[in-house]
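Peer 1: Let's see this in three dimensions:
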Amino acid sequence: MRIAIDARIAHYTGAGIGQYTVHLAQALVRQDRENKYVILQSRKDHRLLVNEPNVRRVSLWTPSHNRLEQEMLAVELPMRRLNFDLLHSPDFIPPLRLNGFKSVITVHDLAFVRWPHFMTADSARYYGQVDQAVKRADAIIAVSESTKNDLERLLGAPPEKITVVYEAADPVYRPMPKDEAWASLKSKYPLPDEFILFVGTIEPRKNIGTLLRAYRRLRDDYKVTAGLVLAGAVGWLSDQVFEDVEQLGLKEHVTFLGRVENGNLVYLYNVARCLAHPAFYEGFGLTPLEAMACGTPVAASNVSSVPEVVGDAALLVDPNSDEALAVALQRLLTDDALWVSLREKGLARARTFSWERAAEETLAVYRSVLGVA
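Peer 2: Next comes the predicted model:
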């Protein structure tokens with residue numbers, strides 16, 4: 001088989017889907033030496049994502065998420081005469097008007113369908129192609145049962161067409177001595193001695209407003225002195241977050257770090273007292289899994305895929321209740337026995353997810369689509 005993987009989104013190194021694409025491609029090739037792989041990369045991405053004898057890198061100039069992206073990809077691929085049997089689109093929108101091969105797409109979430117008001121008009125137009133993508137694909141990989149259920153319920157996707165393949169944390173996320181982690185961070189970021197950590201893009205879906213109100217409660221009702229640190233790039237419709245910080249009088253206690261590279265993020269997880277993840281919706285919930293892989297206890301929302309990922313290894317709360325979130329965070333800040341218990345449970349839970357397993361199950365989808373035993 002000749003399998004092409006559209007890895008153009010990997011150019012956006014901070015994107016969760018970009019990381020998914022890189023880890024999956026690398027794991028696939030590690031365990032599959034029989035098939036030939038073509039990795040389609042952005043011309044701006046000069047890295048060799050996968051360096052193996054059965055892999056060919058093809059550079060494409062079409063920018064990801066551009067309005068011409070799918071039309072131009074349909075032009076570029078035939079010009080290069082790749083003659084592959086299957087195209088896997090990890091960012092779920094395959095090229096239009098291009099035939100002669102099987103199509104597999106990965107759908108990470110349907111936030112843009114369930115929460116359209118959380119998106120800009122341009123983003124809504126791009127992701128609005130999901131109906132066509134789901135209809136045209138020969139097989140769909142969903143990253144959680146929650147996303148699979150959304151595909152069936154919201155888009156009418158046939159259940160027999162969907163396979164759930166879980167993601168995994170990057171192996172870089174691991175427990176380490178706090179002294180070592182602090183030594184790597186102190187010269188880079190202005191951090192309080194003790195803090196609650198949030199990791200994610202600053203955008204409405206992440207429900208940072210509820211976190212800020214919960215943190216205000218912690219300071220007022222429980223006299224908490226720990227800081228609140230937010231690590232993540234500023235996304236769309238984020239102005240309200242910064243307004244909330246001002247209105248709640250939290251400017252001196254909240255630290256925005258911007259996007260933090262994986263190499264530094266592992267240190268942040270290890271020195272944080274706990275992770276707060278109150279998102280309204282997640283297709284998989286990779287951030288809580290990364291924190292658990294580092295041994296950092298988690299307080300997270302009890303909706304969408306989050307309970308599916310964390311199991312009994314986290315405190316789960318209603319994302320609409322700042323009071324419930326404040327209580328959960330207070331427990332993680334003060335109850336050492338609970339903290340140790342959740343740390344151990346989290347480490348064990350994180351070990352049940354792996355990219356090797358994801359690659360094995362993805363390869364089974366490829367073989368099924370191509371009719372190969």
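Peer 1: In terms of helix, strand or coil, where does the residue nearest to P159 when sequence neighbours are not counted fall?
Peer 2: Leaving aside its sequence neighbours, P159 sits nearest to E152 (C-beta to C-beta, 6 or more residues apart in numbering; 5.6 Å). Heads up, the C-betas are built off the backbone N, CA and C, glycines and all. Recorded secondary structure, E152: helix (DSSP: H, G, I helix; E, B strand; the rest coil).
Peer 1: now E152: how far from T210?
Peer 2: As judged by C-beta to C-beta, to the nearest Å, E152 and T210 stand 29 Å apart.
Peer 1: Of the two, which one has the most company?
Peer 2: Legend: neighbour count by other C-beta atoms under 10 Å for E152 and T210, higher for T210 (25 against 15).
Peer 1: and that one, that one's in a helix?
Peer 2: Yes - applying three-state DSSP, one finds T210 inside a helix.
Peer 1: right, and it touches E323 too?
Peer 2: No - the pair T210 / E323 is not scored as a contact, 9.9 Å apart, by C-beta atoms under 8 Å.
Peer 1: Let me see the contact set for G258.
Peer 2: Residues near G258 by C-beta atoms under 8 Å, 6 or more residues apart in numbering: A231, G232, A233, V234.
Peer 1: Backbone dihedrals for it, please?
Peer 2: phi 80, psi -170 (degrees, to the nearest 10).
Peer 1: Please enumerate the strands of this protein.
Peer 2: Secondary structure of the chain (DSSP state E): strands at 2-6, 36-42, 55-60, 86-89, 102-107, 139-142, 162-164, 195-199, 227-231, 254-258, 274-277, 298-301, 315-317.
Peer 1: roughly how far is the fourth one from the heart of the chain?
Peer 2: Think strand 86-89. Its chain's average C-alpha position is 20 Å from that of strand 86-89, according to C-alpha atoms, centre = their mean, to the nearest Å.
Peer 1: Show me what that strand packs onto, helices and strands only.
Peer 2: strand 2-6, strand 102-107, helix 355-370 (3 or more C-beta pairs under 8 Å, 6 or more residues apart in numbering; DSSP states H and E).
Peer 1: Same question for the fifth one.
Peer 2: Judged by 3+ C-beta pairs under 8 Å, 6+ apart, strand 102-107 is in contact with strand 86-89, helix 130-136, strand 139-142, helix 355-370.
Peer 1: again, 7 Å this time
Peer 2: strand 86-89, strand 139-142, helix 355-370 (3 or more C-beta pairs under 7 Å, 6 or more residues apart in numbering; DSSP states H and E).
Peer 1: what about stretch 48-55, how long is it end to end?
Peer 2: From its first residue to its last, stretch 48-55 covers 10 Å (C-alpha to C-alpha, to the nearest Å).
Peer 1: gap between it and the chain center?
Peer 2: 24 Å.
Peer 1: pLDDT averaged over that stretch, what's the number?
Peer 2: For stretch 48-55, the per-residue pLDDT values average out at 91.
Peer 1: Low-confidence ranges, the stretch 51-200 of the chain, go.
Peer 2: 63-72, 74-75, 79, 96-98, 117-124 (pLDDT under 70).
Peer 1: before we move on, back to that, pipe the helices and strands packed on strand 86-89 into CSV and attach mean neighbour count per row.
Peer 2: Conversion of the helices and strands packed on strand 86-89 to CSV gives the following (neighbours: other C-beta atoms under 10 Å):
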stretch, mean neighbour count
strand 2-6, 23
strand 102-107, 23
helix 355-370, 18
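Peer 1: List just the one of these that sits closest to E160.
Peer 2: Minimum separation from E160 across the helices and strands packed on strand 86-89 (C-beta to C-beta) falls at helix 355-370, 10.7 Å.
Peer 1: avg pLDDT for the closest one?
Peer 2: On average, helix 355-370 scores 97.
Peer 1: what's the angle from it to strand 102-107?
Peer 2: Interaxial angle of helix 355-370 relative to strand 102-107 (axes from the mean of the first three to the mean of the last three C-alpha atoms, to 10 degrees): 140 degrees.
Peer 1: what comes into contact with helix 355-370?
Peer 2: The set of residues external to helix 355-370 that reach it, using C-beta atoms under 7 Å, 6 or more residues apart in numbering, is 1, 3, 23-24, 27-28, 31-32, 85-86, 102, 104, 138-139, 141, 163, 165-168.
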